[in-house]
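*Asks:* only geometry, no sequence info:
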Ligand SMILES: C[S@@+](CC[C@H](N)C(=O)[O-])C[C@H]1O[C@@H](n2cnc3c(N)ncnc32)[C@H](O)[C@@H]1O
């Protein structure tokens with residue numbers, strides 16, 4: 001196996017869906033062998049996972065097909081009455097899973113071709129409401145979050161997203177290049193009975209583990225710091241940050257250190273990485289990882305990120321892997337399905353906005369790096385595009401630049417009536433059902449030298465309202481979607497000619513004793529078209 005030159009998987013493989021919609025095939029469970037070879041005690045678990053994934057993929061395809069079935073037939077599906085809906089909501093009438101599935105399929109079908117399949121007198125929003133309620137019920141979400149996530153996608157894709165959240169993502173590890181080469185590490189792990197392959201062409205350090213005869217978090221190689229157990233998605237913000245040897249880098253919210261240790265390795269243990277996390281308890285794990293992986297260029301600290309740059313600044317690059325709701329990692333933490341409320345998203349978005357401004361302000365704009373990467377493991381717009389758009393408006397000397405990542409969907413430029421700056425398309429979104437990774441968001445910002453305020457597009461009231469909410473005065477504002485004039489914020493010689501002339505006149509008068517014509521006389525002469533040079 002060539003771990004350096006593999007040409008497999010340009011883009012991560014689309015996720016294998018879970019089996020909730022699957023009809024298990026009759027003979028799968030009985031054989032000791034399948035098309036991939038004999039089933040042994042050591043590979044049984046992985047094989048079973050693979051089968052489950054295969055069945056789930058078929059199931060999702062079935063679901064999509066079933067939703068499209070009935071072409072040419074009369075629509076038999078009736079939405080439940082208002083009374084029935086109410087009774088279901090209150091738990092008075094338990095609905096069987098099979099019935100829920102059927103209803104979801106029917107709603108998807110109707111919403112796919114509303115004119116054709118909708119019952120007379122029923123609105124689109126009635127079908128949407130029913131579908132969201134059923135998704136919440138079926139997958140176990142609170143209705144608020146089910147709707148929030150549902151709204152991110154076209155109808156049938158939303159189902160794929162919810163399905164993907166029911167399956168674990170692949171186990172991946174990152175080779176610590178301070179301690180090992182990927183090829184050697186892979187060979188050592190293969191010798192221990194680990195079945196793995198490179199995570200994809202896009203990473204030189206990632207390995208995907210399919211099955212292992214040994215606990216992958218306790219091998220001698222792990223203990224020797226040759227690798228980090230790390231989700232593939234979490235490689236991405238560090239790749240976008242592109243830290244360089246010798247630089248001064250801040251990882252503003254860094255525990256337990258997956259990204260810090262990757263930054264340290266890319267910097268080849270030179271320069272300095274300040275690994276900060278507000279949670280002191282969590283910095284213990286961070287410190288342990290820093291030691292295990294042999295990162296000698298890391299300083300661990302524990303401040304609220306909002307205290308930067310007061311604590312220290314002048315960084316070449318800052319990574320803000322922000323605290324977030326975790327809607328991208330529901331397959332790892334199902335608690336998110338029910339424990340997030342409107343208020344949580346408001347508070348998180350507010351904190352993220354404060355943190356991103358502090359990250360920007362911690363940069364040395366004179367540095368050739370001068371880069372901030374903002375990332376979250378959430379897929380909601382409030383925590384991603386809204387935060388970055390806010391930063392662009394408040395810090396007009398900052399602009400979005402391409403992440404440099406080979407894949408990922410474009411960020412939203414508009415969402416639910418909000419219009420973001422057009423450069424938001426340069427941000428990247430990752431989804432479990434598309435990229436077989438945790439849901440993730442990555443934005444890369446280039447920080448320039450602070451300039452003048454740009455033209456206002458937002459009304460003063462809107463701006464003041466936002467400032468009141470955020471508790472921070474705006475450094476500047478910009479017209480909505482009009483960030484393209486960031487570069488025009490430079491010094492304007494023509495507009496300032498009068499000020500320059502007057503200041504020159506005063507200087508000569510004061511320091512050289514040269515008497516110049518009074519300003520009023522100059523102005524009068526200029527107005528009359530006379531030569532104004534002295
Ligand atoms: C997404 S996790 C970071 C994961 C980390 N970057 C990694 O790759 O291992 C977010 C972190 O933000 C920290 N945090 C929360 N509020 C913070 C704040 N105001 N300032 C700095 N860190 C904060 C949390 O303790 C948590 O460890």
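*Replies:* Looks like it arrived, so ask away. The structure presented is a predicted model; accordingly, all values stated were derived computationally and were not measured.
*Asks:* can we go C-alpha only for contacts and neighbour counts from here?
*Replies:* OK.
*Asks:* output the below-cut-off pLDDT ranges for the protein.
*Replies:* The chain contains residues with pLDDT under 70 at 1-76, 92-94, 452-534.
*Asks:* show me it divided up by domain.
*Replies:* Domain assignment for the chain by automatic domain parsing gives 58-164, 168-229, 236-489, 497-527.
*Asks:* distance to the ligand and mean neighbour count added to the ones you listed, as TSV?
*Replies:* Below are the domains of the chain laid out as TSV (distance: least, Cα to the nearest ligand atom, whole Å; neighbours: other Cα atoms under 10 Å):
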stretch	distance to the ligand	mean neighbour count
domain 58-164	19	17
domain 168-229	10	19
domain 236-489	4	20
domain 497-527	43	12
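*Asks:* not counting its neighbours along the chain, what's nearest residue 283?
*Replies:* Excluding the flanking residues, the one nearest residue 283 by Cα to Cα, 6 or more residues apart in numbering is residue 255, at 5.7 Å.
*Asks:* just the helices from the stretch 251-400 of the chain, written as ranges.
*Replies:* Using DSSP state H, counting those that start in this stretch, the helices of the stretch 251-400 of the chain run over residues 258-266, 280-292, 336-339, 342-361, 385-394.
*Asks:* tell me the contacts of the closest residue to residue 293 other than its chain neighbours?
*Replies:* Nearest residue to residue 293 in three dimensions, chain neighbours excluded: residue 225, at 4.3 Å (Cα to Cα, 6+ apart). Contact analysis of residue 225 by Cα atoms under 8 Å, 6 or more residues apart in numbering lists 176, 179, 292, 293, 294.
*Asks:* what of residue 300?
*Replies:* Residue 300 neighbours (Cα under 8 Å, 6+ apart): 274, 275, 276, 283, 286, 287.
*Asks:* who does it bridge with?
*Replies:* residue 275 (DSSP bridges).
*Asks:* quick one: it from residue 355, how far?
*Replies:* 18 Å (Cα to Cα, to the nearest Å).
*Asks:* got it, and residue 340?
*Replies:* From residue 340 to residue 355 the distance is 21 Å (Cα to Cα).
*Asks:* and residue 82, by the same measure?
*Replies:* 45 Å.
*Asks:* now do residue 447
*Replies:* Taking Cα to Cα, one finds residue 447 at 15 Å from residue 355.
*Asks:* ok, now residue 203?
*Replies:* 29 Å.
*Asks:* could you do residue 280 as well?
*Replies:* 18 Å.
*Asks:* what of residue 146?
*Replies:* For residue 146, the distance to residue 355 - Cα to Cα - is 27 Å.
*Asks:* ok, the closest residue to residue 383 other than its chain neighbours - contacts?
*Replies:* What sits nearest to residue 383 in space, not counting adjacent residues and going by Cα to Cα, 6+ apart, is residue 349, at 5.2 Å. Residue 349 sits next to 382, 383, 387 when contact means Cα under 8 Å, 6+ apart.
*Asks:* residue 346 versus the last one, what's the distance?
*Replies:* Here residue 387 is placed at a distance of 11 Å from residue 346 (Cα to Cα).
*Asks:* tell me where the stretch 101-250 of the chain has strands.
*Replies:* Secondary structure of the stretch 101-250 of the chain, counting by DSSP state E, counting those that start in this stretch: strands at 171-175, 194-198, 206-212, 227-229, 248-251.
*Asks:* reformat the ones you listed as JSON lines; add distance to residue 133.
*Replies:* Rendered in JSON lines, the data for those read as follows (distance: least, Cα to Cα, whole Å):
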{"stretch": "strand 171-175", "distance to residue 133": "32"}
{"stretch": "strand 194-198", "distance to residue 133": "40"}
{"stretch": "strand 206-212", "distance to residue 133": "36"}
{"stretch": "strand 227-229", "distance to residue 133": "37"}
{"stretch": "strand 248-251", "distance to residue 133": "40"}
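*Asks:* now residue 333: phi and psi?
*Replies:* phi -140, psi 90 (degrees, to the nearest 10).
*Asks:* same question for residue 169.
*Replies:* Main-chain torsions, residue 169, degrees, to the nearest 10: phi -80, psi 160.
*Asks:* same check on residue 278?
*Replies:* Backbone torsions for residue 278, taken as degrees, to the nearest 10, come to phi -70, psi -30.
*Asks:* from residue 288, how far out is it?
*Replies:* 17 Å.
*Asks:* check residue 380 too.
*Replies:* Residue 380 is 32 Å from residue 288, where distance means Cα to Cα.
*Asks:* end to end, how far does stretch 268-275 reach?
*Replies:* 16 Å.
*Asks:* can you give the contact residues for that stretch?
*Replies:* 178, 245-255, 257, 260, 263-264, 295-301.
*Asks:* and if we set it to 6 Å?
*Replies:* Stretch 268-275 is contacted by residues 245-251, 254, 296-300 when judged by Cα atoms under 6 Å, 6 or more residues apart in numbering.
*Asks:* from memory residue 172 sits against residue 208, does it?
*Replies:* Yes: applying Cα atoms under 6 Å, one finds residue 172 in contact with residue 208, separated by 4.4 Å.
*Asks:* show me the contacts for residue 298.
*Replies:* Here residue 298 is in contact with 272, 273, 274 (criterion: Cα under 6 Å, 6+ apart).
*Asks:* and the gap between it and residue 232?
*Replies:* From residue 298 across to residue 232, the span is 22 Å (Cα to Cα).
*Asks:* repeat for residue 197
*Replies:* Counting by Cα to Cα - residue 197 and residue 232 are separated by 13 Å.
*Asks:* now do the shared contacts for these two.
*Replies:* What both residue 197 and residue 232 touch, as defined by Cα under 6 Å, 6+ apart, is an empty set.
*Asks:* how about the strands of the stretch 351-500 of the chain, start to end?
*Replies:* 371-376, 398-401, 409-410, 414-415, 418-419, 428-430, 440-447.
*Asks:* all set, thanks.
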